[in-house]
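Novice: could you look at this predicted model? Sequence included:
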Amino acid sequence: MGNFMNLFIALIIAAITYGTPLLFGTLGETLTEKSGNLNLGVEGIMFMGGALGLGGVFYYEKAAGAGANGLVAVVIGVLCAFLAGVLASLIFSFLTITLRANQNVTGLALSIFGTGVGQFAGEYMRVRENGYISIGNHLKTFFQNSPFPDVLQKIPVVGGVLFGNSVFFYLGLMLAAGMFFFLNRTRTGLYLRSVGESPATADAAGIAVERYKYLATVIGGGISAVGGMVYIMTIAGCVWNHEGLSGVGWLAVALVIFCMWRPLSAIWGSVLFGALMILYLRLVLPFIPTQIYKILPYVVTVVVLIVSSMRNNKEKQPPASLGLAYFREDR
Amino acid sequence: MNHEKKTPLIRLAKRDGMEGWKIWCIRCGAVLFALLLGALVMGLVGANPFTAYGAMVSGALGKKSAIRQTVKIAVPLLGCALAIAPCFKMRFWNIGAEGQITAGAIAASYFALFWADRLPAPVLLTVMGVAGAVGGGFWALIPAFFKARWNTNETLFTLMMNYIVIGVVQWLQGGPWEGRKGSQIIPQFDEAACLPRVFGIHCGWIIVLVLVVFMHIYMNYTKHGYEISVIGDSVNTARYAGMNVGWVMMRTMFLSGAISGIVGFIVASGANNTLYDGVAGGVGFTSITVAWLSQLNAFAMVGISVLLAVLSKGAETLQTRMAVPASISDIITGILLFCMLGCEFFIHYRLIFRKKKEARNG
């Protein structure tokens, strides 16, 4: 029994590790979609965030040498990734909001562009630095180890799960709570949701629709990009690994639907998806091929999508104008 | 008195329609601008843009073998863009072409792997093509059914369907269809199951060109095409006119999936001679941009898919000759798409700057 318990706890901790990048990706995309913008470029945004975040930390370490401060490195990583995401989603916003291009097509173009930029930057740095980009062990610990003291982590059973995760998981938790509060308890959040539901109504009420869309998309893109950086720095071991990162962005898009656009559900949703991502390594059942585990997140998402459309519950729907353009003059 | 301040600096007005040559000037300008931005990127990483572009063009079109490779890349792009066009015309955002290609490839591969010794080559290839079409069509029909019945969001649904079917291929690769135990590879098709070559390229290019003509006629000169465009303009109008919108949606999606499935058959049988999880390899997504940029015009798609194919083949040459990572083709493709998406705005709208005199008089 104890053995089983240990396995289970190890699984949860691994699930949290794999879920954390998804959590950021999902929260960012949720914010974006709440404004009615369906940004399908998350995959590209996360690639850019991963590559540029890694690059930022790498060059910081190179410049600072032995005196590199872990905390500063984490901040630099987050900032670089965030800026990369901001830049990417700024392109998206400019094209879809100002120049009125189709959101689906622009998002896919951003995916192509972003994965290209990420891969290019990753490979280019590798070639320039003679073959290998890696962060020193000293800094790595700041990205990968828990910020809490050992005493808390050693608490039996719950210690590891509650206090043993990387700093980013706790940042993600705070972000999710903050976003929940923002969307559901503040006036600005209400305005943002109204822009996503019915931009014409919001416009008539005097809300600056374009500004809300821009800000939500750009900040959301930045948050998603941090997820890419988290993946590279924790799971990929501070090395550029485009194969590992590919697909995470699409999984985040799926997760937004699975969580029904609710930030707090994104927490357990991302842990669940994280578990599904690694379950095939830990829990090998006879008769169930390992590859089938990998499609489970998508199957589950499709089921959620179908059920929610059948039940037609007003609380659990995509933002009503999701993916639709709003131009005041078109009415 | 405050009127002057309230007039925005830039106003927009819809254009009534522009002369054809002007439209093409704007579009060509956008392409040039994109290439200029691409040159900037190359300059940033220390490659001479002129030699780099030269290497790309000669790498993609310089030799006969290079042209063959380029055409090989363009064929699935074009075929898939044709498949997507009717859906997008209907404003049905089918972004599941990636999965529909894969589903078609699975269905075709089944016959290639297990029926190759029982059927003569022409029959086998026909059966594979039909199986590919049916496979892709049914895969596309699932989201269409739910959209028609319960208005399930088709963008997200079709997107998810991609990864499900790709996972199925991974399972086939490692399980039931695996060749040598532990290889994770499906064996090469029998000679009879591979598309014959015409001018050194698998004859998929002929199929796709036939499809170009077919789609052009289907979209512009048939009742089906008319229904599609009415639904795209206004679902309510279509309903009022007595069209069965759900039925048209399902029919169109089946057709779209079927063409994607045929592309899957072409790629698996003609280009790869086997099935693997990268059979679609992003074509489903890139072709959406191809379809959209050509304004859903079948003939324009030929040009754009060739352009993107040249970029992607050229980038490979760039990597071997100048040590620039081949992913630069994705960057340039992305920039090109952004510019062309953006330029449509200037075709449809006119910018009016605030004039001092106008404001004073007003």
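Specialist: Nice, thanks for sending it over.
Novice: which parts of the stretch 251-362 of chain B sit against chain A?
Specialist: Residues of the stretch 251-362 of chain B lying close to chain A by Cβ under 8 Å from any Cβ of the partner chain are B:282, B:285-286, B:288-289, B:292, B:323, B:325, B:327-331, B:333-335, B:337-338, B:341-342, B:344-345, B:348-349. In short, each C-beta sits where N, CA and C put it, glycine included.
Novice: any of those buried? List them.
Specialist: For these, a burial check counting by 16 or more other Cβ atoms under 10 Å in any protein chain shown picks out B:285-286, B:288-289, B:292, B:325, B:327-331, B:333-335, B:337-338, B:341-342, B:344-345, B:349.
Novice: among these, which are located in strands?
Specialist: B:Tyr349 (DSSP state E).
Novice: pull out the buried positions in whichever strand or helix holds A:Arg126.
Specialist: Element membership of A:Arg126, judged by DSSP states H and E, is helix A:103-128. Under the neighbour-count criterion of 16+ other Cβ under 10 Å, helix A:103-128 has A:103-126 buried.
Novice: ok, A:Phe47 - contacts?
Specialist: The contact partners of A:Phe47, by Cβ atoms under 8 Å, 6 or more residues apart in numbering or on different chains, come to A:Gly114, A:Thr115, A:Val117, A:Gly118, A:Gln119, A:Gly228, A:His242, A:Leu245, A:Ser246, A:Gly249.
Novice: could you dump those to JSON lines with distance to chain B?
Specialist: Shown next, in JSON lines, are those (distance: Cβ to the nearest Cβ, whole Å):
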{"residue": "A:Gly114", "distance to chain B": "7"}
{"residue": "A:Thr115", "distance to chain B": "6"}
{"residue": "A:Val117", "distance to chain B": "6"}
{"residue": "A:Gly118", "distance to chain B": "8"}
{"residue": "A:Gln119", "distance to chain B": "4"}
{"residue": "A:Gly228", "distance to chain B": "16"}
{"residue": "A:His242", "distance to chain B": "9"}
{"residue": "A:Leu245", "distance to chain B": "13"}
{"residue": "A:Ser246", "distance to chain B": "10"}
{"residue": "A:Gly249", "distance to chain B": "11"}
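Novice: ok, so of these, who is nearest A:Gly70?
Specialist: Closest to A:Gly70 out of the contacts of A:Phe47 is A:Gly228 (20.3 Å), distances taken as Cβ to Cβ.
Novice: pretty sure the closest one contacts A:Thr20?
Specialist: No: if you go by Cβ atoms under 8 Å, A:Gly228 and A:Thr20 don't touch, sitting 11.5 Å apart.
Novice: counting by contacts, list what the helix holding A:Arg126 packs against.
Specialist: Applying 3 or more Cβ pairs under 8 Å, 6 or more residues apart in numbering or on different chains; DSSP states H and E, one finds that helix A:103-128 makes contact with helix A:42-64, helix A:70-93, helix A:242-245, helix B:283-293, helix B:328-348.
Novice: mean pLDDT for these: which is lowest?
Specialist: Lowest mean pLDDT within the helices and strands packed on helix A:103-128: helix A:242-245, a mean of 78.
Novice: what residues sit buried inside that helix?
Specialist: Neighbour-count burial for helix A:242-245 [16+ other Cβ under 10 Å]: A:His242, A:Leu245.
Novice: so which elements touch whichever helix or strand comes after that helix?
Specialist: Downstream of helix A:242-245, the first helix or strand assigned by DSSP H and E is helix A:248-258. Judged by 3+ Cβ pairs under 8 Å, 6+ apart, helix A:248-258 is in contact with helix A:2-34, helix A:42-64, helix A:209-230, helix A:263-282, helix A:290-311, helix B:154-174.
Novice: element containing B:Gly104?
Specialist: Per DSSP H and E: helix B:97-114 holds B:Gly104.
Novice: buried ones in that helix?
Specialist: Those would be B:97-113, for helix B:97-114 by 16+ other Cβ under 10 Å.
Novice: same for the helix or strand harbouring B:Gln69, what does it pack against?
Specialist: Following DSSP H and E, one finds B:Gln69 within helix B:64-89. Helices and strands touching helix B:64-89, by 3+ Cβ pairs under 8 Å, 6+ apart, are helix B:49-61, helix B:97-114, strand B:201-202, helix B:204-221, helix B:223-233, helix B:245-266, helix B:283-293, helix B:298-322.
Novice: quick check: angle from that helix to helix B:298-322?
Specialist: Helix B:64-89 runs at 140 degrees relative to helix B:298-322, counting by axes from the mean of the first three to the mean of the last three Cα atoms, to 10 degrees.
Novice: buried set for helix B:64-89?
Specialist: B:66-89.
Novice: quick one, that helix and helix B:283-293 angle?
Specialist: Per the same axes, to 10 degrees, the angle that helix B:64-89 makes with helix B:283-293 is 70 degrees.
Novice: report the backbone C-alpha coordinates of the helix holding B:Gly104 in PDB.
Specialist: Only the C-alpha atoms of helix B:97-114 are listed here, as PDB (Å, rounded to 0.1, in the frame of the first residue of the first chain):
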ATOM      1  CA  ALA B  97      -7.000  19.300 -42.900                       C
ATOM      2  CA  GLU B  98      -3.900  18.000 -41.200                       C
ATOM      3  CA  GLY B  99      -6.000  15.200 -39.600                       C
ATOM      4  CA  GLN B 100      -8.000  14.600 -42.700                       C
ATOM      5  CA  ILE B 101      -4.900  14.100 -44.700                       C
ATOM      6  CA  THR B 102      -3.700  11.600 -42.100                       C
ATOM      7  CA  ALA B 103      -7.000   9.800 -42.000                       C
ATOM      8  CA  GLY B 104      -7.000   9.400 -45.800                       C
ATOM      9  CA  ALA B 105      -3.400   8.200 -45.700                       C
ATOM     10  CA  ILE B 106      -4.300   5.600 -43.100                       C
ATOM     11  CA  ALA B 107      -7.200   4.300 -45.200                       C
ATOM     12  CA  ALA B 108      -5.100   4.200 -48.300                       C
ATOM     13  CA  SER B 109      -2.200   2.500 -46.500                       C
ATOM     14  CA  TYR B 110      -4.400  -0.300 -45.300                       C
ATOM     15  CA  PHE B 111      -5.000  -1.400 -48.800                       C
ATOM     16  CA  ALA B 112      -1.300  -0.800 -49.700                       C
ATOM     17  CA  LEU B 113      -0.100  -3.000 -46.900                       C
ATOM     18  CA  PHE B 114      -2.700  -5.800 -47.000                       C
END
